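Enquirer: need a 3D model of the sequence below.
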Amino acid sequence: MDPSRCLVMGVLNVTPDSFSDGGRWEDIDLAIAKGLELRDDGADIVDVGGESTRPGAERVDANIEMGRVRPVVMALVHEGITVSVDTMRASTAAAAIDAGAAIINDVSGGLADPAMAPLVAEAGVDYVAMHWRAPSGDMDAFDRYQDVVSEVRDELEERVEALVGAGVDADRIILDPGLGFAKVADSNWPLLAHLECLQGLGHRVMVGASRKRFLGSVLPRDDGPLSRENATSAVTALAAAHGVWAVRVHDVRAARDVVHVVNAWQAAR
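Expert: As a prediction, this is how the structure comes out:
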């Protein structure tokens with residue numbers, strides 16, 4: 001992976017109910033083929049998820065999640081792809097790491113499963129800790145902030161302290177502001193406008209805005225997730241220009257083109 005530019009993480013939802021592409025890659029063979037396609041389109045990382053975290057989503061059984069994720073991870077790692085796994089469960093994370101996953105992407109930042117931090121510490125893998133206040137079924141009710149930037153920053157700093165206290169290598173921690181999680185619409189924009197506040201914590205930062213509903217809230221016409229792709233590219237450009245470590249996206253080819261344009265622009269300066 002090229003450390004001189006923003007990395008592109010491609011989303012691969014092996015689920016029937018994810019908000020944008022639920023059900024399209026639920027079949028294992030189709031999921032593996034999609035992962036290879038994401039690699040060919042330029043993904044630096046393929047992020048495999050077996051449990052939807054869309055607003056209102058219900059938890060799935062741990063064995064179902066693991067059964068969806070593990071064979072896909074094994075196949076993609078065998079093809080030389082850097083794989084992350086989007087999970088809140090330590091048991092799923094352990095199975096994914098055993099299958100070759102290099103990154104655990106935990107939308108709860110370790111709050112959903114107290115066994116996650118010790119597992120990550122022992123495994124020595126990279127760990128994305130997202131800002132999270134409540135499970136998907138309840139999170140919209142937790143969109144209550146006096147100052148969303150400072151509160152998210154402080155809450156992420158608390159998570160970092162807890163993770164490091166549990167033995168996680170600080171250099172392995174990546175922070176995610178959790179766009180759309182306990183942030184319905186207007187709460188998201190200040191976080192994007194002040195990414196430097198999160199970067200000031202001294203960790204890599206990942207932005208996951210792809211096709212999310214807050215993008216649709218500012219568009220003249222919002223016809224659902226797929227209609228937000230241009231808006232996603234705009235956020236990708238701004239995030240890359242502000243030096244984030246990675247963007248998590250559905251349309252990898254578009255994001256990779258955006259990143260190259262940003263790099264050329266900045267090099268010319």
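Enquirer: give me the distance between Arg39 and Gly167.
Expert: 32 Å (CB to CB, to the nearest Å). C-beta: built from backbone N, CA, C; applies to glycine.
Enquirer: of the two, which one has the most company?
Expert: The residue with more neighbours, out of Arg39 and Gly167, is Arg39; 19 against 12, by other CB atoms under 10 Å.
Enquirer: for the more buried one, give me its contacts.
Expert: The neighbours of Arg39, taking CB atoms under 8 Å, 6 or more residues apart in numbering as the test, are 10, 46, 76, 79, 81.
Enquirer: pretty sure the first one is in a helix, no?
Expert: No. Secondary structure assignment (DSSP: H, G, I helix; E, B strand; the rest coil) places Gly10 in strand, not in a helix.
Enquirer: I'd assumed Val48 was in contact with it.
Expert: No. Gly10 lies out of contact with Val48 (CB atoms under 8 Å); the separation is 9.7 Å.
Enquirer: now do the shared contacts for those two.
Expert: With CB under 8 Å, 6+ apart, Gly10 and Val48 have common neighbours Gly35.
Enquirer: quick one on the thing from earlier: between all of the contacts of Arg39, which two are separated the most?
Expert: Gly10 and Glu79 (13.5 Å; CB to CB).
Enquirer: have a look at those two and say which one is more surrounded.
Expert: Taking neighbours as other CB under 10 Å, Gly10 and Glu79 compare with Gly10 leading, 28 against 12.
Enquirer: please name the residues that touch that one.
Expert: So Gly10 contacts 35, 38-39, 41, 43, 45-47, 249-250, 252 (CB under 8 Å, 6+ apart).
Enquirer: the same query, at a cut-off of 7 Å, please.
Expert: Gly10 makes contact with 38, 43, 46-47, 249, 252 under the criterion CB atoms under 7 Å, 6 or more residues apart in numbering.
Enquirer: gap between the two ends of stretch 52-69?
Expert: 12 Å (CA to CA, to the nearest Å).
Enquirer: quick one: contacts of that stretch?
Expert: If you take CB under 7 Å, 6+ apart as the criterion, stretch 52-69 is touched by 14-15, 17-19, 22, 48, 50-51, 85, 87, 89, 91-92, 95-96, 107, 136-137, 139-140.
Enquirer: what segments of the stretch 151-269 of the chain are helices?
Expert: Under the criterion DSSP state H, counting those that start in this stretch, helices of the stretch 151-269 of the chain are mapped to 188-193, 195-199, 213-216, 229-241, 252-268.
Enquirer: want to throw those helices into TSV with mean neighbour count?
Expert: Formatted as TSV, the helices of the stretch 151-269 of the chain follow (neighbours: other CB atoms under 10 Å):
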stretch	mean neighbour count
helix 188-193	18
helix 195-199	17
helix 213-216	20
helix 229-241	20
helix 252-268	17
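Enquirer: ok, which of those comes nearest Ala31?
Expert: Across the helices of the stretch 151-269 of the chain, Ala31 has its closest neighbour in helix 252-268 (15.0 Å, CB to CB).
Enquirer: list of residues touching the closest one?
Expert: With contacts defined as CB under 7 Å, 6+ apart, helix 252-268 is touched by 5-6, 8, 10, 38, 41-43, 229, 233, 236-237, 240-241, 247, 249.
Enquirer: identify the farthest-apart pair in these.
Expert: Between any two of the contacts of helix 252-268 (CB to CB), the greatest distance is 23.3 Å, for Leu38 and Ala241.
Enquirer: tell me which helix or strand Asp47 sits in.
Expert: Here Asp47 sits within strand 45-49, counting by DSSP states H and E.
Enquirer: same question but for Asp2, I mixed them up
Expert: In the assignment (DSSP H and E), Asp2 maps to no helix and no strand.
Enquirer: and it, what's its pLDDT?
Expert: At Asp2, the pLDDT value in this model is 79.
Enquirer: again, but for Asp17
Expert: On the pLDDT scale, Asp17 gets 59.
Enquirer: ok, now Arg59?
Expert: 79.
Enquirer: need the three-state assignment for it.
Expert: Using three-state DSSP, the structure places Arg59 in coil.
Enquirer: and it, backbone torsions?
Expert: Backbone torsions for Arg59, taken as degrees, to the nearest 10, come to phi -70, psi 150.
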